[in-house]
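>>> Need a 3D model of the sequence below.
(4 chains)
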Protein chains: 4
Amino acid sequence: MDKALKTEPVDVPIRVRYADTDKMGIVYYGTYPIYFEIGRSEYMREKGFSYRNFEEEGYHLVVVNLEAKYYNSATYDDLLIVRTSISDLKSRGLTFHYEVYKDGTLVVEGKTKHICINRERKSSSMPPHLLKILKDVESA
Amino acid sequence: MDKALKTEPVDVPIRVRYADTDKMGIVYYGTYPIYFEIGRSEYMREKGFSYRNFEEEGYHLVVVNLEAKYYNSATYDDLLIVRTSISDLKSRGLTFHYEVYKDGTLVVEGKTKHICINRERKSSSMPPHLLKILKDVESA
Amino acid sequence: MDKALKTEPVDVPIRVRYADTDKMGIVYYGTYPIYFEIGRSEYMREKGFSYRNFEEEGYHLVVVNLEAKYYNSATYDDLLIVRTSISDLKSRGLTFHYEVYKDGTLVVEGKTKHICINRERKSSSMPPHLLKILKDVESA
Amino acid sequence: MDKALKTEPVDVPIRVRYADTDKMGIVYYGTYPIYFEIGRSEYMREKGFSYRNFEEEGYHLVVVNLEAKYYNSATYDDLLIVRTSISDLKSRGLTFHYEVYKDGTLVVEGKTKHICINRERKSSSMPPHLLKILKDVESA
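Here you go, the predicted model:
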């Protein structure tokens, strides 16, 4: 996975819920996209930008692409770390990159590509104040 | 569980998804409320009333009470039957009753109590055409 | 809901995930049983007893009854508190009681009744060391 | 996405559940991997091979890679079609390819790469009877 451009990451702890597991006894593969979402939500909060407010202003970051590579498994009660950064930034969209760790070992790596849409559900530039925050993050 | 008043039930088959299971190897207890929702959704469709249209008209049936009794377990790939009926009907709300079967054996029994709210998210009578359908069902 | 017997509760914060919401814009009613599970898992951890270890010893606390009352709604990004206590304790099972709060307001109240099963998936007394912890909690 | 090699696909209908949606009013992006799982499960059943039996023989098809491209959105009550085929087949693993349609329009396209593991959770050749079925499918 291309990791050429990466902003300073934000780490978020996630305790695996019983509901997150499946009959193999491990975290269901479809649970990781939920963990990614928590990662990017907390990334934005940490950078001084609430995704909730962003939506309240009428914008959404719609997912257009998802990738995940599974290297190891995790199970109930594990305390995972989701490490999130931005690997690509344009005025109309961005790509988040995720690494999920368990005790320092990489469990899953992923990325999600998003485009910004506005109240009319049309493609849109991101609002200037968000873009500024993200650009500052990128060049930091 | 009180089953005094029951309308003619509607049966819906549900194939257990891998995602529905947990590390005990069985269907997670929190999956059954989702099965109940499928049961009442298909119940209404069968009675000639689409919950989707109901919401498009500005109404919602908000859940105010949930009960479930677990008698047996189900697992991945089981073909379950959710049997849904109405056990109480008032102008401003109703109660659905559910029985989930596996090969004729009762797995889980439950009920959900709902109140009708309108576009202003205030308690409301159900729209007359729905109430008529439900009353016909009840007296049938 | 009967709250006659209650042990000292344990509070756990839960940040509402985007995945936890539904098209009404609020937390899906079937998400709360998952929150309850987190509540009892952290309750046990706090009291010096890991549910993970309990399962590794061959035991399970199977849910036989679930009840939930919905008073208010929560939405994406809300920071909820799940307050968990034990409302009934027997050698072969127990009942957890939950209150989910948002900014001090009760959102959902619930309880789950569990029986203890052993490696043979038969009803069993809880292991003495767990029962002792729980009894101490109860009489504290 | 590479679609050079594709077996004859199997179509499976999926009715969108209320629980599958999020506060944007559409199917949550993390729900599609669950739909993919239903697609491959029914694909195998259709080809005369039950994934359940496969697991009962001690094997698992572990996901090592997931990709999804989101072109359109779906919402509550939509009747989707998941079209599944095999796009790569080796003795120790395979890749499934998925297309999710709504009224003939492509909503999401995806693939999942799997490796076969045995009872010892080690990489393994797939059992001969499965491999034969899949090879027949491939050359048909």
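
>>> okay, which residue is most central for chain A?
Nearest to the mean C-alpha position of chain A, counting by C-alpha atoms, centre = their mean, stands A:Arg40 at 3.2 Å.

>>> Give me the pLDDT value at the closest residue to A:Tyr101 other than its chain neighbours.
The shortest distance from A:Tyr101 to any non-neighbouring residue, by C-beta to C-beta, 6 or more residues apart in numbering or on different chains, is to A:Ile81 (4.5 Å). To be clear about C-beta, it is placed using only N, CA and C from the backbone, and glycine gets the same treatment. At A:Ile81, the model reports a pLDDT of 98.

>>> that older thread, and the strand or helix carrying the residue nearest to the centre of chain A, C-alpha only, in CSV?
Secondary structure assigned from DSSP states H and E places A:Arg40 in helix A:32-46. What follows is helix A:32-46, C-alpha atoms only, in CSV (Å, rounded to 0.1, in the frame of the first residue of the first chain):
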residue,chain,number,x,y,z
TYR,A,32,-12.3,-3.3,10.7
PRO,A,33,-14.0,-0.7,8.4
ILE,A,34,-15.8,0.4,11.6
TYR,A,35,-12.5,0.7,13.4
PHE,A,36,-11.2,2.7,10.5
GLU,A,37,-14.2,5.1,10.9
ILE,A,38,-13.4,5.5,14.6
GLY,A,39,-9.7,6.2,13.6
ARG,A,40,-10.6,9.0,11.2
SER,A,41,-13.2,10.5,13.5
GLU,A,42,-10.7,10.7,16.3
TYR,A,43,-8.0,11.9,13.9
MET,A,44,-10.1,14.9,12.9
ARG,A,45,-11.1,15.6,16.5
GLU,A,46,-7.5,15.6,17.5
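
>>> Mind giving me the packing neighbours of it?
strand A:10-15, helix A:51-56, strand A:60-70, strand A:79-90, strand A:93-102, strand A:105-117 (3 or more C-beta pairs under 8 Å, 6 or more residues apart in numbering or on different chains; DSSP states H and E).

>>> Out of the ones you listed, indicate the one that is most buried.
strand A:93-102 (a mean of 22; mean count of other C-beta atoms under 10 Å in any protein chain shown).

>>> sorry, back to before: angle of the helix holding A:Arg40 against helix D:32-46?
170 degrees (axes from the mean of the first three to the mean of the last three C-alpha atoms, to 10 degrees).

>>> Just give me how far helix A:32-46 sits from the chain centre.
Offset of helix A:32-46 from its chain centre (C-alpha atoms, centre = their mean, to the nearest Å): 4 Å.

>>> What average pLDDT does it get?
Averaged across helix A:32-46, the pLDDT comes to 97.

>>> How about the helix or strand bottoming out on mean pLDDT in chain A, which residues are buried there?
Sorting the helices and strands of chain A by mean pLDDT, DSSP states H and E puts helix A:128-139 at the bottom, at a mean of 81. Buried positions in helix A:128-139, judged by neighbour count with 16 or more other C-beta atoms under 10 Å in any protein chain shown: A:130-131, A:133-134, A:137-138.

>>> export those residues to a markdown table and tack on distance to chain C?
Below are those laid out as a markdown table (distance: C-beta to the nearest C-beta, whole Å):
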| residue | distance to chain C |
| --- | --- |
| A:Leu130 | 16 |
| A:Leu131 | 21 |
| A:Ile133 | 18 |
| A:Leu134 | 19 |
| A:Val137 | 20 |
| A:Glu138 | 24 |
